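Peer 1: Got a predicted model here, sequence first, then my questions.
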Amino acid sequence: MILELQHVSCGYGEKTVVRDLSLSAVSGEVLCLLGPNGVGKTTLFKTILGFLKLQGGRILLDGEDVSQWPRKAFAKAVGYVPQAHTPPFPFTVLDVVTMGRTAHLGTFASPTKADLAIARESLERLGVGFLQERIYTEISGGERQMVLIARALTQQPKILIMDEPTSNLDFGNQIRVLEQVNRLAREGLCVIMTSHFPDHAFLCSAKVALMQRGSRFQIGTAAEVVTEQNMMSAYGVRVRIGTLNGDGGSSVAACVPLISDCPCPPYPEKAPMAGQAVDVGPIL
Ligand SMILES: Nc1ncnc2c1ncn2[C@@H]1O[C@H](COP(=O)(O)OP(=O)(O)OP(=O)(O)O)[C@@H](O)[C@H]1O
């Protein structure tokens, strides 16, 4: 499946937030949208999903204008993980995740045992199966984030749009979500996500669309787009980008911010042994 944006402009009423953006994403690919707060990432997602009216250009799914796609077929094909979501009723986590099957059910039909099994499997896959009987409004923000991702997986979409899927998550869960993103792409899904961490683009070997103020866009591989110069231009922050040794002879790229007058003591050239105390000097 291929999603194409051709000269897309979008925004709210008379206000244009994103102007003349063209890009594409295909099955098996991770497309990571980077850009500062308020640049229009969520606005773009809402436009792709049909929540906002397109101001200009075209959005095509498998070559066909999305406005021509029947809503139900579109809802089956494209899953969405929003930034935050609070349902009006205290549903159980399993109920919320099973709602991901809605586009697959007939009108007035209830979820079947098979639908419930898919919902449970999605929760297990993300390592949060233990939450299934809990009340969704009573779990933590990070747990809700995992539940929303499980709901989108339950939909079994071909394209998965994730708005900051790692916000609210602790370090371990961030990495687990990125591992799932890579796994889903390997299984043939097209994942389009936003992140505020340029490193995430490297970790997902993603194609990157860097959105900057004034509707300036750069699209390319993570190595092409996540550069020291571009990070300064987009975020006003000095960074260094380098590579570290990964597993089995691989290398991983990392983007590290440079903080003026950083009080941090230098990291010892020879890494301390596990469990060995390190003198970090006075805590300032
Ligand atoms: N409902 C709305 N009506 C009018 N303007 C809006 C509305 N929602 C958002 N905006 C404005 O549109 C611009 C883009 O917002 P958007 O939420 O798309 O940015 P973003 O890149 O997703 O930001 P963030 O990284 O902070 O989530 C902002 O200037 C925002 O104030």
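Peer 2: Thanks, I have it.

Peer 1: So what touches stretch 38-47?
Peer 2: 8, 10-12, 17-18, 21, 33, 35, 52-54, 59, 80, 83, 161, 163, 192, 194, 211-213 (C-beta atoms under 8 Å, 6 or more residues apart in numbering). For every residue, glycine as well, the C-beta is placed using N, CA and C.

Peer 1: Give the buried residues for that stretch.
Peer 2: Val39, Gly40, Lys41, Thr42, Thr43, Leu44, Phe45, Lys46, Thr47 (16 or more other C-beta atoms under 10 Å).

Peer 1: Check the spacing between the first one and Thr221 real quick.
Peer 2: Taking C-beta to C-beta, to the nearest Å as the measure, Val39 falls 21 Å from Thr221.

Peer 1: Out of the buried residues of stretch 38-47, which are close to the ligand?
Peer 2: Among these, proximity to the ligand is found for Val39, Gly40, Lys41, Thr42, Thr43 (C-beta under 6 Å from any ligand atom).

Peer 1: element containing the last one?
Peer 2: Assessed by DSSP states H and E, Thr43 sits inside helix 41-48.

Peer 1: Using CSV, write out the CA atom coordinates for that helix.
Peer 2: Provided in CSV are the C-alpha atoms of helix 41-48 (Å, rounded to 0.1, in the frame of the first residue of the first chain):
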residue,chain,number,x,y,z
LYS,A,41,2.6,17.5,12.6
THR,A,42,-0.7,16.7,14.3
THR,A,43,-2.6,19.0,11.9
LEU,A,44,-1.1,17.0,9.0
PHE,A,45,-2.2,13.7,10.6
LYS,A,46,-5.7,15.0,11.2
THR,A,47,-5.9,16.0,7.5
ILE,A,48,-4.7,12.6,6.3
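
Peer 1: need the next SSE after it, C-terminal direction.
Peer 2: strand 56-61.

Peer 1: Flag the shaky bits of the protein, pLDDT-wise.
Peer 2: Judged by pLDDT under 70, the chain has its weakly predicted residues at 84, 106-108, 263, 269-284.

Peer 1: Mind naming the longest helix for it?
Peer 2: Across the chain, the longest stretch assigned as helix under DSSP state H is helix 171-186.

Peer 1: quick one: contacts of whichever helix or strand comes after it?
Peer 2: For helix 171-186, the following helix or strand on the C-terminal side (DSSP H and E) is strand 190-194. The contact list for strand 190-194 (C-beta under 8 Å, 6+ apart) reads 1-3, 25-35, 41-42, 45, 158-165, 181, 184-185, 200, 204.

Peer 1: What's the PyMOL syntax to select whichever of the residues you listed are buried?
Peer 2: Buried members of the contacts of strand 190-194, defined by 16+ other C-beta under 10 Å, are picked up in PyMOL with:
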select buried, resi 1+3+25+29+30+31+32+33+34+35+41+42+45+158+159+160+161+162+163+164+165+181+184+185+200+204
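
Peer 1: And Arg71, its phi and psi?
Peer 2: The phi/psi pair for Arg71 (degrees, to the nearest 10) reads phi -50, psi -40.

Peer 1: should've said Cys32
Peer 2: Dihedral angles for Cys32 - degrees, to the nearest 10 - are phi -110, psi 120.

Peer 1: for it, which residues make a bridge with it?
Peer 2: Beta-bridge pairing for Cys32 (DSSP bridges): Met193, Val208.

Peer 1: Might one say that it is in contact with His200?
Peer 2: Yes - using C-beta atoms under 8 Å, Cys32 is in contact with His200, at 6.3 Å.

Peer 1: All the helices of this protein, in order from the start?
Peer 2: 41-48, 71-77, 93-98, 113-125, 141-154, 171-186, 198-203, 222-225, 228-235.

Peer 1: Next up, the contacts around Met162.
Peer 2: Tyr80, Val81, Ile149, Ala152, Val181, Val191, Ile192, Met193, Thr194.

Peer 1: Much appreciated, bye for now.
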